[in-house]
Each structure stands twice: as structure tokens, then as C-alpha cells.
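# Below are the sequence and a predicted model for it; my questions follow.
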Amino acid sequence: AQKVTQAQTEISVVEKEDVTLDCVYETRDTTYYLFWYKQPPSGELVFLIRRNSFDEQNEISGRYSWNFQKSTSSFNFTITASQVVDSAVYFCALNSNTGKLIFGQGTTLQVKP
Amino acid sequence: GAVVSQHPSRVICKSGTSVKIECRSLDFQATTMFWYRQFPKQSLMLMATSNEGSKATYEQGVEKDKFLINHASLTLSTLTVTSAHPEDSSFYICSARWGSLDDEQYFGPGTRLTVT
């Protein structure tokens, strides 16, 4: 079975703090893709990153970084020096072998000034 | 980048009426389109997958006679909520993909449906 678990329902931090959003996935496929999306209050999903199962290199994009570890089936997302504009719901997703995206439950991040 | 639009962005309708939501891929041909529903403070749940020119495949528990999906062209898919009821009020999001199963999906901005 394919599954994505985001155990943190809500996280609240103060601006400039670092924050890590956890994502654990389950799949029997050897080839798969993992994604992170941001959903601000407007509702539109914003694509953040796509990572295939053969690329375990960590990635950094500005204040964002991702840690992919196949050994623990995790794909965690860290925001460094968080800002109020980072407040949103963040979804981790898995692209199954059927081509369907399976979303985690989402983590609501609130960054307070 | 690939752009997907949805129309309308918000719609309010009366119980018992039908409402149609359009999803368009603006700068690419979408061989596959997906429709998701998102209730407040919940995740996106896939409702159906549609391929151009063929019948949509619905996920378990989704009523195909209530949620009519038409993917008549490579750039347009429509979702019609028939005989809408207040419990159908939700945020509906479409996505489009142009190629193989592992190609990326591009998401529309969503349509907020309120049934009174």
C-alpha cells in the first residue's frame, strides 16, 4: 500500500526560527517520486520540489532544504530563518506507480512575528 | 512553466442545482487530468482521473453519476456537480499532466463551491 504520513498537524514558531516538517512514506515501488507543496490561505498549491527515488542527495534552495533518506523512508523539509510569509499548509506527496499523487495529511505552519 | 486555470474560482449555488467547473491547460496538451476535493483543514483527496477522449476513472466512494467528468479535448476537462447539496460544499482542485505516469502534475488554482 502507498501512504504518506505527516505526523505534525500544526507547528508554531517565531520568526527567524528554523523549522523542520517531517514526512514519512510507504511504497513497494522501486521507482517513485516525492513532492512538497505549499498551500497558502488563497488555496492554490505551490510546487516546491520533486525528488526521484534514485537521487538521495539533499537539496537546498534559498532558505529551503530537503533531506531524503531512503533507509528511513523519510523526506523532511526544513525552512531556515522562517518568515511570516512562510505561514501556510505544507503537503508532502508520493507519486505512485499508477501515476496518482498520494498526499499526506498536511502540516499547518504558523510563523509569528 | 505549465499553467492550469480553473473557472470559476468561486461559485455559490442553491441546493438541487448543478454546477460546472472548468479546468484548462493553457500552454500544454494534457493527456491526463485529475480532480481533487479538499474539505476544510483536510488533505486533497483524489476524486477521479480522466484521459482525453475516454471515460473518467473514479476513486472508490466517489459517485460517478453525481460528479460528471468530461475530458473532451487535450486542454479542457469539466467537472459537473449534479443536484448539489450542502455537503458537496468544498474546494475542488484540478491538475493536468502531459506525458507518462511519472511526469509532474500541474495544479489549477482551485474552485470554492458553496451550496446553500
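Good, I have the coordinates.

# Flag every residue of chain A that's near chain B.
Within chain A, the residues that sit near chain B (C-beta under 8 Å from any C-beta of the partner chain) are A:31, A:33, A:37, A:42-45, A:47, A:50, A:52, A:91, A:95, A:97-101, A:103-106, A:108. C-beta here means a position set from N, CA and C on the backbone, and glycine is covered the same way.

# do that again at 7 Å, thanks
Residues of chain A lying close to chain B (C-beta under 7 Å from any C-beta of the partner chain) are A:33, A:43-45, A:50, A:91, A:95, A:97-101, A:103-106.

# Pull the most distant pair out of the residues you listed.
Within the residues of chain A next to chain B, two members stand farthest from each other by C-beta to C-beta: A:Gly43 and A:Asn97, at 28.9 Å.

# Report the secondary structure element holding B:Pro40.
Secondary structure assigned from DSSP states H and E places B:Pro40 in neither a helix nor a strand.

# could you measure it against chain A, distance?
Look at B:Pro40 and chain A: by C-beta to the nearest C-beta, to the nearest Å, they are 11 Å apart.

# Check B:Thr114 too.
Between B:Thr114 and chain A the distance is 14 Å, computed by C-beta to the nearest C-beta.

# could you pull out the strands for chain B?
With DSSP state E applied, chain B shows strands at B:4-7, B:10-13, B:19-25, B:32-38, B:45-51, B:57-58, B:67-73, B:76-81, B:90-97, B:106-107, B:111-115, listed in chain order.

# I'd like those strands written out as JSON lines, with mean pLDDT and mean neighbour count added.
Converted to JSON lines, these look like this (pLDDT from 0 to 100; neighbours: other C-beta atoms under 10 Å in any protein chain shown):
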{"stretch": "strand B:4-7", "mean pLDDT": "96", "mean neighbour count": "18"}
{"stretch": "strand B:10-13", "mean pLDDT": "97", "mean neighbour count": "14"}
{"stretch": "strand B:19-25", "mean pLDDT": "97", "mean neighbour count": "21"}
{"stretch": "strand B:32-38", "mean pLDDT": "96", "mean neighbour count": "24"}
{"stretch": "strand B:45-51", "mean pLDDT": "94", "mean neighbour count": "20"}
{"stretch": "strand B:57-58", "mean pLDDT": "95", "mean neighbour count": "16"}
{"stretch": "strand B:67-73", "mean pLDDT": "92", "mean neighbour count": "18"}
{"stretch": "strand B:76-81", "mean pLDDT": "96", "mean neighbour count": "21"}
{"stretch": "strand B:90-97", "mean pLDDT": "96", "mean neighbour count": "24"}
{"stretch": "strand B:106-107", "mean pLDDT": "94", "mean neighbour count": "23"}
{"stretch": "strand B:111-115", "mean pLDDT": "97", "mean neighbour count": "18"}
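
# Who does the most centrally placed residue in chain B form a beta bridge with?
For chain B, the residue nearest the mean C-alpha position is B:Trp35 (3.5 Å; C-alpha atoms, centre = their mean). Here B:Trp35 sits in beta bridges with B:Ala48, B:Cys94, going by DSSP bridges.

# Please consider this matter closed, and thank you.
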